[in-house]
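Asks: Here is my input; please provide its structure:
(2 chains)
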Amino acid sequence: MYAFEIDRPTTLADAIKALGAEDAQALGGGQTLIPSLKQRLASPARLVCLSGVAEIKGIRTADDGALCIGGGTTHADVAAGAGAYPALAALAANIGDPAVRNRGTIGGSLANNDPSACYPAAVLASGATVVTNTRQIAADDFFDGMFATALEEGEIITEVRFPVPEAASYQKFEQPASRFALVGVFVAKYATGVRVAVTGASEGGVFRWSEAEAALTSSFTPEALDGLVLSGDGMIADLHGSGAYRAHLVDVMTRRAVAAAG
Amino acid sequence: MPEVTMTVNGKHVKGQIEGRTLLVDFIRENLGLTGTHVGCDTSQCGACVVHVDGKAVKACTMFAAEAEGAEVRTIESMAEPDGTLHPIQAAFREHHGLQCGFCTPGMVMSAAALLAENPTPTEAEIRDYLEGNICRCTGYHNIVKAILAASGQDVSRIAAE
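Replies: Model (predicted):
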């Protein structure tokens, strides 16, 4: 790890100010960034720890019923406190392992946008709103390809607002060594229609499977997907699975998610 | 060089650190508490698990500066000052929950965190909770058995495995 200065602000205002320094980077729970620093894949001059900023932690219900989760809330706290959105709580409870869940945060996961991370699927399938210190970003505008997002330099995710669906489920096919999603599918059924978001599969990162959404909006049953073919083109191909294999898994995990959501 | 202060095993400690000093390095190098082990250094193996404000974390994947003001507990705090083992440690010994012992500090600290959350876990819950603790000797059965025993539950049904 290269040397860097470290700041530990206790207010959002101080964190924003610290991030204004040259070559500064935010540190959420560090469960991805610290290993990246060790591998010298990242080498900021200054790290700004967000774990001491209490005002971006916690879970609340907004007046419109949306479940709002502070960007600095750990996976363990979401697993324990997001009972109003059971599929989201279940997703958080199955990220990494218990020690990782005690440090890793929803904001950190979204800002990193790992193509195999779980939270991006929940945010996209829920049509959630990502709130930062400067603006609100719709999920459909937030994710911008593998490890890329709409976030600007120095922008901090302060909250994520999830409209709570009528029914939902996240199904993850784990890569057995890393336990990241080889493919994960989040299905959410709203009065306005069904949304299906897929992580782990595409070279473009998390994406919506629009054909499946249309079919499931007509009939919310696994059989509604019969006849749909998802191409393996553009899917991640590595030693764990070919693009065609991942495309097949997307279909299987979507069916399982629909069946589990009921 | 910044200074960090925290409470480790009930004692108020402080030290000079670099920004990049990991919590596990602060514990081992600055405080000389070498019971916490570094196995993989990539947050996979769990040999470095300690409790920070009551929660199990991997001390190799947290900076010492992030533990400013925190209450940290390591394996050294488990036994009584007279050497009497903590019930979890005693169960590990009784049920042969270790061979080389390298993973054991992390296993015991994870087990303690589990039992604090869930005093009578099922075998499946124990195995699930230990997902981030890797042991290359035992094959886990005796570790699971030790934790079941430490929680006061019957272990005879998994004795044959």
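Asks: Show the pLDDT at A:Trp197.
Replies: Wrong residue type there; residue A:197 is Ala, not Trp. On pLDDT, A:Ala197 comes in at 98.
Asks: what's the single longest helix in chain A?
Replies: Counting by DSSP state H, the longest helix found in chain A is helix A:243-261.
Asks: who's in contact with that one?
Replies: With contacts defined as CB atoms under 8 Å, 6 or more residues apart in numbering or on different chains, helix A:243-261 is touched by A:87, A:167-173, A:182-187, A:189, A:196, A:198, A:200-201, A:209, A:212, A:216, A:220-222, A:224-225, A:228, A:230-237, A:241. Quick note: C-beta positions are derived from backbone N, CA and C, even for glycine.
Asks: chain center to that helix, what's the gap?
Replies: Its chain's C-alpha centre and that of helix A:243-261 lie 18 Å apart, by CA atoms, centre = their mean, to the nearest Å.
Asks: Likewise for stretch A:23-39?
Replies: With CA atoms, centre = their mean as the basis, stretch A:23-39 stands 17 Å off its chain's centre.
Asks: Compute the first-to-last residue distance for that stretch.
Replies: One end of stretch A:23-39 to the other measures 18 Å (CA to CA, to the nearest Å).
Asks: ok, residue 110 - contacts?
Replies: Using chain A. Taking CB under 8 Å, 6+ apart as the definition, contacts of A:Leu110 comprise A:Gly71, A:Tyr119, A:Pro120, A:Val123, A:Val130, A:Phe142, A:Thr149, A:Ile157, A:Val160.
Asks: The intended chain is chain B.
Replies: Each residue near B:Ser110 by CB under 8 Å, 6+ apart is listed here: A:Pro98, A:Ala99, B:Gly46, B:Val49, B:Ala56, B:Tyr129, B:Leu130, B:Gly132, B:Asn133.
Asks: Does the first one touch B:Ala56 like I think?
Replies: Yes - between A:Pro98 and B:Ala56 there is a contact at 5.9 Å, judged by CB atoms under 8 Å.
Asks: okay, and the common contacts of these two?
Replies: Common contacts of A:Pro98 and B:Ala56 (CB under 8 Å, 6+ apart): B:Ser110, B:Ala113.
Asks: The two: which is more packed in?
Replies: Remark: of A:Pro98 and B:Ala56, B:Ala56 carries more neighbours, 31 against 25, as counted by other CB atoms under 10 Å in any protein chain shown.
Asks: Name the residues linked to the more buried one by a beta bridge.
Replies: Under DSSP bridges, the beta-bridge partners of B:Ala56 are B:His51.
Asks: Okay, it and A:Ala150: tell me how far apart.
Replies: B:Ala56 is 34 Å from A:Ala150, where distance means CB to CB, to the nearest Å.
Asks: before we move on, what about A:Arg8?
Replies: A:Arg8 is 27 Å from A:Ala150, by CB to CB.
Asks: what about the strands in the stretch 1-150 of chain A?
Replies: A:5-7, A:24-27, A:46-49, A:59-61, A:67-70, A:129-132, A:136-138 (DSSP state E, counting those that start in this stretch).
Asks: and of those, who's closest to A:Leu91?
Replies: Nearest to A:Leu91 among those is strand A:67-70 (11.8 Å), distances taken as CB to CB.
Asks: tell me the SS of the residue nearest in space to the middle of chain B?
Replies: By CA atoms, centre = their mean, chain B has its centre lying nearest to B:Met109, at 2.5 Å. When classified by DSSP: H, G, I helix; E, B strand; the rest coil, B:Met109 comes out as helix.
Asks: on that earlier part again, how about the longest helix of chain A: buried residues?
Replies: Of all the residues in helix A:243-261, those buried under the rule 16 or more other CB atoms under 10 Å in any protein chain shown are A:243, A:245-251, A:253-258, A:260-261.
Asks: Which residues of the stretch 151-262 of chain A lie near chain B?
Replies: Selection of the stretch 151-262 of chain A residues close to chain B by CB under 8 Å from any CB of the partner chain yields A:Arg179.
Asks: quick one, what contacts the residue in the stretch 151-262 of chain A that chain B sits nearest to?
Replies: Residue of the stretch 151-262 of chain A nearest chain B, by CB to the nearest CB: A:Arg179 (7.2 Å). A:Arg179 makes contact with A:Gly96, A:Asp97, B:Glu131, according to CB under 8 Å, 6+ apart.
Asks: all helices for chain A, in order.
Replies: All helices of chain A, identified by DSSP H, fall at A:12-19, A:33-38, A:75-81, A:86-93, A:98-101, A:106-112, A:119-125, A:139-142, A:210-218, A:243-261.
Asks: In chain B, which residue sits nearest chain A?
Replies: Nearest residue of chain B to chain A (CB to the nearest CB) works out as B:Gly132 at 2.7 Å.
Asks: I'd say A:Ser116 and A:Gln175 touch.
Replies: Yes - counting by CB under 8 Å, A:Ser116 does reach A:Gln175; the two are 7.4 Å apart.
Asks: Tell me which of the two has more neighbours.
Replies: Neighbour totals were compared for A:Ser116 and A:Gln175, and A:Ser116 leads with 22 against 16 (other CB under 10 Å).
Asks: Mind pulling up the pLDDT for the more buried one?
Replies: In this model, A:Ser116 carries a pLDDT of 95.
Asks: same check, this time on A:Phe180
Replies: Per-residue confidence at A:Phe180 stands at 92 (pLDDT).
Asks: mind checking how far the residue nearest to it when sequence neighbours are not counted is from B:Phe26?
Replies: Leaving aside its sequence neighbours, A:Phe180 sits nearest to A:Ser116 (CB to CB, 6 or more residues apart in numbering or on different chains; 4.1 Å). The gap separating A:Ser116 from B:Phe26 is 31 Å, by CB to CB.
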